[in-house]
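# Fold the following, please.
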Amino acid sequence: MNRFRFLPLKNHWALWVLGGVVLTIFAALSTSAVASPGQSSGPPLQPFGAAQEDAIALATLVLLGAAGGFLSTMHARPGKSMTVTHALLQGAAGATIIVTLAPVDNLIDNIFAMQAHDFIKLVALALIGGYAGSSLIVRMAGQYLKAIDEKQQALEENQRAFEKKQKDLETTANIALNLSEKMLRGLNSDSEEMQSFEEAVQQARSSIRHHIYFRADENRSEHWQNDKVRMARSIPLLSTLVQTEDVKTCHWWCASLAYCLKDKVDPDYAEAVKWLNKAIEVRNAEENVQKCGAYEFNRVICNIKLAAERIDGRVLDEQIKKDLEVLGTTTSRFKDIARHNSDVQRWLTQAQHGESGPLLGSILVDLVASSEATAVMN
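Below you'll find the predicted structure:
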């Protein structure tokens with residue numbers, strides 16, 4: 001019984017074989033004509049266009065692969081019968097796969113510029129691909145399915161990692177916000193809670209840090225004059241914030257901490273100057289910076305206080321003078337505040353009538369109040 005449930009070989013395969021041979025010869029002749037046009041006795045042949053070349057290459061692979069597929073049916077194991085159509089399609093697919101996708105010599109790109117032995121190699125490769133068409137299709141399909149599965153798994157893992165990170169950030173934000181509010185209410189926090197707060201602030205989003213700063217500075221500005229104990233509750237929050245990456249741009253965080261240190265019940269002027277220096281450094285690094293004089297005025301106050309506590313306090317005069325000169329060139333309210341601040345006016349008077357002669361230029365003379373200082377302002 002004929003196991004090729006199709007047309008008889010003598011009525012059908014002769015046409016396939018003949019077509020394959022004719023097209024193969026045509027491709028070989030075309031290659032020769034294109035590669036060596038100067039050897040022709042007549043005018044040189046024009047090369048095929050890219051679309052024509054691709055079509056001829058594909059047809060060559062399909063027909064050679066179909067021939068290889070037909071050869072595979074001759075060695076089919078008993079009980080594994082295959083229709084001719086099935087064999088042809090698998091052979092054509094196998095030849096195309098082995099030449100274009102499989103990790104073998106890439107011949108198809110040079111099909112119209114190859115030497116004779118390379119063309120023979122292509123024919124042999126296509127026949128092999130056609131013969132092993134079924135196995136190649138299964139193997140390549142498996143590889144692509146595996147790649148798809150791996151990409152899908154990677155996407156799922158990334159999604160899970162993203163969701164975990166979002167959940168961790170939410171947990172971190174809650175810890176940072178809850179502990180910051182607890183400290184602002186004056187509830188004592190043990191060392192473990194303080195460590196948790198510091199870690200949470202470091203890991204929190206920038207928006208959470210800004211919110212904590214807003215609450216801490218709001219508390220400072222509301223209570224710095226009338227309730228310094230309550231104002232000091234902002235210090236641990238601000239001290240933690242200035243240890244984060246955001247401090248590279250948020251110079252006002254450093255300034256707020258300095259104000260708290262300057263205005264608390266037991267002022268720490270040296271530490272306040274340290275953070276005012278940092279605030280001015282970060283601010284001055286910006287382009288087209290606008291100086292309102294707030295940082296310089298508060299640094300003047302701190303340095304005047306420090307100078308009064310030191311035997312060599314006069315070494316701070318140069319820095320005080322520079323800061324007052326900045327104030328003198330501004331049009332902000334801090335220029336007027338300096339005119340009415342007793343500490344500033346006392347220093348200006350001493351500098352103007354010092355033992356080593358007057359230290360004041362025209363800018364500083366303009367800061368000298370016309371009447372006695374009446375208030376200490378911040």
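# helices or strands next to the lengthiest helix in the chain in the packing?
Using DSSP state H to define each element, the chain has its longest helix at helix 133-184. Applying 3 or more C-beta pairs under 8 Å, 6 or more residues apart in numbering; DSSP states H and E, one finds that helix 133-184 makes contact with helix 50-73, helix 84-100, helix 191-203, helix 206-223, helix 234-241. C-beta: built from backbone N, CA, C; applies to glycine.
# model confidence over it, on average?
Taken as a whole, helix 133-184 has an average pLDDT of 82.
# next one: stretch 318-332
Averaged over stretch 318-332, pLDDT sits at 86.
# same check, this time on stretch 69-81
For stretch 69-81, the mean pLDDT works out to 63.
# Domains in this structure, by residue range?
Listed domain ranges for the chain are 9-131, 162-275, 290-378 (source: automatic domain parsing).
# Out of the ones you listed, which gets the lowest mean score?
When I compare the domains of the chain, domain 9-131 is least confident, with a mean of 61.
# who's in contact with Ala255?
275-276, 279, 294-295, 298 (C-beta atoms under 8 Å, 6 or more residues apart in numbering).
# Dump these to CSV, plus distance to Met231 and neighbour count.
Output for those, formatted as CSV (distance: C-beta to C-beta, whole Å; neighbours: other C-beta atoms under 10 Å):
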residue, distance to Met231, neighbour count
Trp275, 16, 28
Leu276, 17, 30
Ala279, 18, 26
Ala294, 17, 20
Tyr295, 19, 26
Asn298, 15, 22
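# farthest-separated two in the residues you listed?
Trp275 and Ala294 (13.2 Å; C-beta to C-beta).
# Only the buried residues of stretch 341-355, if you could.
Buried residues in stretch 341-355, counted by 16 or more other C-beta atoms under 10 Å: 341, 343-345, 347-348, 351.
# Let me have these in JSON lines, adding distance to Cys250 and secondary structure as columns.
Putting these into JSON lines (distance: C-beta to C-beta, whole Å; DSSP: H, G, I helix; E, B strand; the rest coil) gives the following:
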{"residue": "Asn341", "distance to Cys250": "27", "secondary structure": "coil"}
{"residue": "Asp343", "distance to Cys250": "28", "secondary structure": "helix"}
{"residue": "Val344", "distance to Cys250": "28", "secondary structure": "helix"}
{"residue": "Gln345", "distance to Cys250": "33", "secondary structure": "helix"}
{"residue": "Trp347", "distance to Cys250": "31", "secondary structure": "helix"}
{"residue": "Leu348", "distance to Cys250": "33", "secondary structure": "helix"}
{"residue": "Ala351", "distance to Cys250": "34", "secondary structure": "helix"}
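# Count the neighbours of the residue lying closest to Ser180 once chain neighbours are set aside for me.
Spatially, and ignoring its direct neighbours in sequence, Ser180 is nearest to Ile212 (4.8 Å; C-beta to C-beta, 6 or more residues apart in numbering). For Ile212, the neighbour count with other C-beta atoms under 10 Å is 27.
# Could you do Arg230 as well?
Using other C-beta under 10 Å, the number of residues around Arg230 comes to 16.
# Now name the helix or strand holding it.
Using DSSP states H and E, Arg230 maps to helix 228-231.
# List the buried residues for that helix?
Within helix 228-231, the residues that count as buried by 16+ other C-beta under 10 Å are 230-231.
# Other residues contacting it?
So helix 228-231 is in contact with 186, 219-220, 222-224, 260, 263-265, going by C-beta under 8 Å, 6+ apart.
# Buried ones among those?
For these, buried by 16+ other C-beta under 10 Å: 219-220, 223-224, 260, 263-264.
# Reformat the residues you listed as TSV; add distance to Asp190.
Formatted as TSV, the buried ones among the contacts of helix 228-231 follow (distance: C-beta to C-beta, whole Å):
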residue	distance to Asp190
Asn219	21
Arg220	24
His223	24
Trp224	27
Cys260	22
Asp263	27
Lys264	22
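# Could you identify the most distant pair in the contacts of helix 228-231?
Gly186 and Asp263 (17.5 Å).
# circling back to that earlier point, and the helices and strands packed on helix 133-184: which comes nearest Glu325?
Glu325 lies closest, by C-beta to C-beta, to one member of those: helix 206-223, at 27.4 Å.
# Go through that closest one and flag the buried ones.
By neighbour count with 16+ other C-beta under 10 Å, helix 206-223 contains the buried residues 208-209, 211-213, 215-217, 219-220, 223.
# Among the contacts of Ala255, which one sits closest to Ala285?
Of all the contacts of Ala255, Ala285 sits closest to Ala279, with 11.1 Å by C-beta to C-beta.
# quick one: that closest one and Ser206, what's the gap?
18 Å (C-beta to C-beta, to the nearest Å).
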